[in-house]
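Asker: no sequence on this one, just coordinates:
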């Protein structure tokens with residue numbers, strides 16, 4: 001196995017080095033500090049990553065330009081975000097990028113849209129406006145997009161529906177998304193297979209739109225979704241994994257859940273479901289792991 005030779009001629013560490021699984025959500029293994037000469041094994045089955053430190057600045061970027069080109073995963077969430085450093089990463093074959101809590105400009109997103117190798121983007125807590133997301137619609141390999149704890153509204157999903165995103169399969173959405181957002185996804189012909197709407201404003205009225213998507217995994221934790229919504233959602237032919245923890249469902253909705261034979265994993269914690277009701281459901285969904293209440 002060959003080694004990747006990294007050189008960080010800096011007074012302080014540029015951050016933490018890690019290797020990560022290629023499969024989403026890219027679990028990390030920390031492997032050392034980005035300081036001086038570092039040799040790491042080149043593994044074809046892993047991403048090579050750098051989590052920038054607060055000490056790294058845009059003035060340091062020119063000193064490590066060649067070294068930055070080796071990274072396939074970069075994490076700004078533990079450092080101070082810089083648009084100039086992001087621009088310096090354009091030569092890198094990035095697969096994953098974390099921009100959590102970053103204050104992003106239009107120019108930053110336009111630069112990011114040039115990263116054609118990107119498959120996963122994390123924007124947790126980032127300062128994004130609804131209209132900014134359209135810049136990312138042409139990324140040919142973008143399959144996973146995490147937008148939790150942002151101020152984005154359902155209008156962002158309306159704009160996204162006409163902006164491409166043809167490869168997008170996993171979408172994690174913030175609390176402001178409501179039933180209209182689910183309708184925008186359905187009207188836009190979304191090909192998303194994993195949708196996280198936990199803590200959002202989704203209610204029973206979104207059941208029909210959600211059922212029309214080709215979802216395999218759906219998170220509705222801590223929402224107002226309940227028994228009436230399941231009446232529509234049960235018509236989904238593809239749904240395998242369903243999280244309803246903290247939702248409004250009760251034993252009345254178990255009839256609908258029992259009519260979803262494709263389910264393989266179901267979570268019902270912190271709901272009005274009774275132990276007896278859950279036991280009856282397990283008897284009907286013999287191929288599904290039921291967790292809760």
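Answerer: Great, that's in hand. Keep in mind that what you see is a predicted model, and the values were worked out from it rather than measured.

Asker: Please, where are all the strands along the stretch 1-150 of the chain?
Answerer: Using DSSP state E, counting those that start in this stretch, the strands of the stretch 1-150 of the chain run over residues 3-8, 15-21, 28-33, 36-41, 46-52, 73-75, 96-98, 120-122, 144-146.

Asker: export those to a markdown table and tack on distance to residue 205, mean pLDDT and mean neighbour count?
Answerer: For every residue, glycine as well, the C-beta is placed using N, CA and C. As requested, those are arranged in a markdown table below (distance: least, C-beta to C-beta, whole Å; pLDDT from 0 to 100; neighbours: other C-beta atoms under 10 Å):
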| stretch | distance to residue 205 | mean pLDDT | mean neighbour count |
| --- | --- | --- | --- |
| strand 3-8 | 52 | 92 | 16 |
| strand 15-21 | 37 | 95 | 20 |
| strand 28-33 | 39 | 94 | 14 |
| strand 36-41 | 51 | 92 | 13 |
| strand 46-52 | 40 | 95 | 23 |
| strand 73-75 | 38 | 95 | 23 |
| strand 96-98 | 34 | 96 | 23 |
| strand 120-122 | 29 | 97 | 22 |
| strand 144-146 | 24 | 97 | 21 |
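
Asker: quick one: residue 287 and residue 264 touch, right?
Answerer: Yes. Using C-beta atoms under 8 Å, residue 287 is in contact with residue 264, at 6.7 Å.

Asker: between the two, who's got more neighbours?
Answerer: Ranked by neighbour count (other C-beta atoms under 10 Å), residue 287 and residue 264 place residue 264 first, with 14 against 8.

Asker: Return the distance of the more buried one relative to residue 225.
Answerer: Distance, residue 264 to residue 225, by C-beta to C-beta, to the nearest Å: 20 Å.

Asker: same question, residue 78
Answerer: Using C-beta to C-beta, we find residue 78 at a distance of 34 Å from residue 225.

Asker: who's more crowded, those two?
Answerer: Between residue 78 and residue 225, counted using other C-beta under 10 Å, the more crowded position is residue 225 (28 against 14).

Asker: Assign the more buried one to helix, strand or coil.
Answerer: Secondary structure, DSSP: H, G, I helix; E, B strand; the rest coil: residue 225 is coil.

Asker: Is the residue lying closest to it once chain neighbours are set aside part of a helix or strand, or is it coil?
Answerer: Nearest residue to residue 225, sequence neighbours excluded (C-beta to C-beta, 6 or more residues apart in numbering): residue 247, at 4.9 Å. Per three-state DSSP, the secondary structure class of residue 247 is coil.

Asker: what about residue 247, how many neighbours?
Answerer: There are 27 residues near residue 247, going by other C-beta under 10 Å.

Asker: Does it touch residue 271 like I think?
Answerer: Yes. Between residue 247 and residue 271 there is a contact under C-beta under 8 Å: 5.9 Å.

Asker: Specify the stretch among the strands of the stretch 1-150 of the chain that is closest to residue 186.
Answerer: Closest of the strands of the stretch 1-150 of the chain to residue 186 is strand 144-146, at 17.5 Å (criterion: C-beta to C-beta).

Asker: Let me know the pLDDT of residue 1.
Answerer: pLDDT for residue 1: 54.

Asker: Quick check: phi and psi on residue 248?
Answerer: With angles defined as degrees, to the nearest 10, residue 248 sits at phi -100, psi 10.

Asker: ok, now residue 159?
Answerer: Dihedral pair for residue 159: phi -70, psi -40, per degrees, to the nearest 10.

Asker: Residue 196 too?
Answerer: Taking degrees, to the nearest 10 as the convention, residue 196 sits at phi -110, psi 110.

Asker: residues contacting it?
Answerer: Residues in contact with residue 196 (C-beta atoms under 8 Å, 6 or more residues apart in numbering) are 148, 171, 172, 173, 219.

Asker: Next step: those residues restricted to strands.
Answerer: Residues of these located in strands (DSSP state E): 171, 172, 219.

Asker: nearest to residue 56, of these?
Answerer: Using C-beta to C-beta, the shortest approach to residue 56 within these belongs to residue 172, at 27.3 Å.
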